[in-house]
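Enquirer: no sequence for this one, just the structure:
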């Protein structure tokens, strides 16, 4: 349950109360009229009805610059209602598109903090690979901020938001490029690079690789759309992206081009699989824009990108087959 607060002119109040009732709100109440002749309506509403209410309010008040729609988290509502218990069985997205956008968009910020976390996680991951230490590699995954850009790219496609897609693309490429540059430098400067199991295991790709990346991307979106923590799935996505990037850089630094090629195939398959899985789950969960025209544009965008990712995955799998069985 959350509280949706609408602040608007008195003339809109009755319309807002009607929309609250029509959207299945559990309760609503009015605040006093302010000096600027605006009034607040607070609406208590369950997760499965929240998106319907927000869409209706935006359609009614979206053009009004004097109106505000605010959503507050609610720790507990007493007495407990049967509606609250039943909402836990909902199969659709219980986090609204606006909440998803705010949470995921924050992960696309290309700032000093993002680059510093990529820098530190790459150093830790590279040392863990060189020392053949899985615990250190997992530790690097905890601080690697690579989940945000990948999910933002998928969400941007689902909503037809080209700005979000471009920002996610820039941030993701910048993060992976920085990780690659750092690992190349370490590969050149490290006294002796040992080809440990942790290193060599990331120079080959197979069906298990695709399954891991698909599971990571799907789990990340499911956790977000159901309001659960995405920390652990963020680690899973980092596992799929950061270590292969570090191995590519180290192998380039050592002049081992065949091993670098294998690690590159692994990284590309992971990127394609994570994004494809995220897009499919967003589509399955019904995450889409509000207006009809935006929905049509987003649907065309989603289908085009899904086709491109599937085609890319087929090409990459073919390249792996050629490398393993013919080359």
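Expert: Nice, I can see it. Bear in mind the structure is a predicted one, so any value in this text is a computation, not a measurement.
Enquirer: C-terminal to the worst-scoring helix or strand of the chain on mean pLDDT, what's the next element?
Expert: Using mean pLDDT, DSSP states H and E, the weakest-scoring helix or strand in the chain turns out to be helix 82-86, at a mean of 52. Counting by DSSP states H and E, the element after helix 82-86 in chain order, helix or strand, is helix 97-105.
Enquirer: for that following helix, which positions count as buried?
Expert: In terms of neighbour count (16 or more other Cβ atoms under 10 Å), helix 97-105 has its buried residues at 97, 98, 99, 100, 101, 103, 104, 105. From N, CA and C alone the C-beta is placed, and that goes for glycine too.
Enquirer: residues in contact with the last one?
Expert: By Cβ atoms under 8 Å, 6 or more residues apart in numbering, residue 105 lies in contact with 152, 164, 167.
Enquirer: about what we covered before: any chance of the buried residues of helix 97-105 in JSON lines with pLDDT as columns?
Expert: Conversion of the buried residues of helix 97-105 to JSON lines gives the following (pLDDT from 0 to 100):
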{"residue": "97", "pLDDT": "76"}
{"residue": "98", "pLDDT": "80"}
{"residue": "99", "pLDDT": "80"}
{"residue": "100", "pLDDT": "82"}
{"residue": "101", "pLDDT": "83"}
{"residue": "103", "pLDDT": "79"}
{"residue": "104", "pLDDT": "82"}
{"residue": "105", "pLDDT": "84"}
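Enquirer: from these, which is closest to residue 303?
Expert: The shortest separation between residue 303 and any of the buried residues of helix 97-105 is 18.7 Å, and it belongs to residue 97 (by Cβ to Cβ).
Enquirer: roughly how far apart are that closest one and residue 286?
Expert: Plainly put, residue 97 is 10 Å away from residue 286 if you go by Cβ to Cβ, to the nearest Å.
Enquirer: Over to residue 10?
Expert: Residue 10 is 35 Å from residue 286, where distance means Cβ to Cβ.
Enquirer: cool, residue 143 as well?
Expert: For residue 143 relative to residue 286 (Cβ to Cβ), the value is 33 Å.
Enquirer: Neighbour count: those two, which is higher?
Expert: Between residue 143 and residue 286, counting by other Cβ atoms under 10 Å, residue 143 is the more crowded of the two (17 against 13).
Enquirer: Now the more buried one: closest residue in space that isn't a chain neighbour?
Expert: Spatially, and ignoring its direct neighbours in sequence, residue 143 is nearest to residue 121 (4.7 Å; Cβ to Cβ, 6 or more residues apart in numbering).
Enquirer: which element is that neighbour on?
Expert: Element membership for residue 121, per DSSP H and E: helix 112-130.
Enquirer: helices or strands next to that helix in the packing?
Expert: Using 3 or more Cβ pairs under 8 Å, 6 or more residues apart in numbering; DSSP states H and E as the contact test, the elements touching helix 112-130 are helix 134-143, helix 162-189, helix 197-200, helix 231-254.
Enquirer: As a markdown table, those with mean pLDDT and distance to residue 262 would be great.
Expert: Putting the helices and strands packed on helix 112-130 into a markdown table (pLDDT from 0 to 100; distance: least, Cβ to Cβ, whole Å) gives the following:
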| stretch | mean pLDDT | distance to residue 262 |
| --- | --- | --- |
| helix 134-143 | 82 | 18 |
| helix 162-189 | 92 | 15 |
| helix 197-200 | 86 | 9 |
| helix 231-254 | 79 | 8 |
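Enquirer: quick check, residue 44 in a strand?
Expert: Yes - Residue 44 sits within a strand when classified using DSSP: H, G, I helix; E, B strand; the rest coil.
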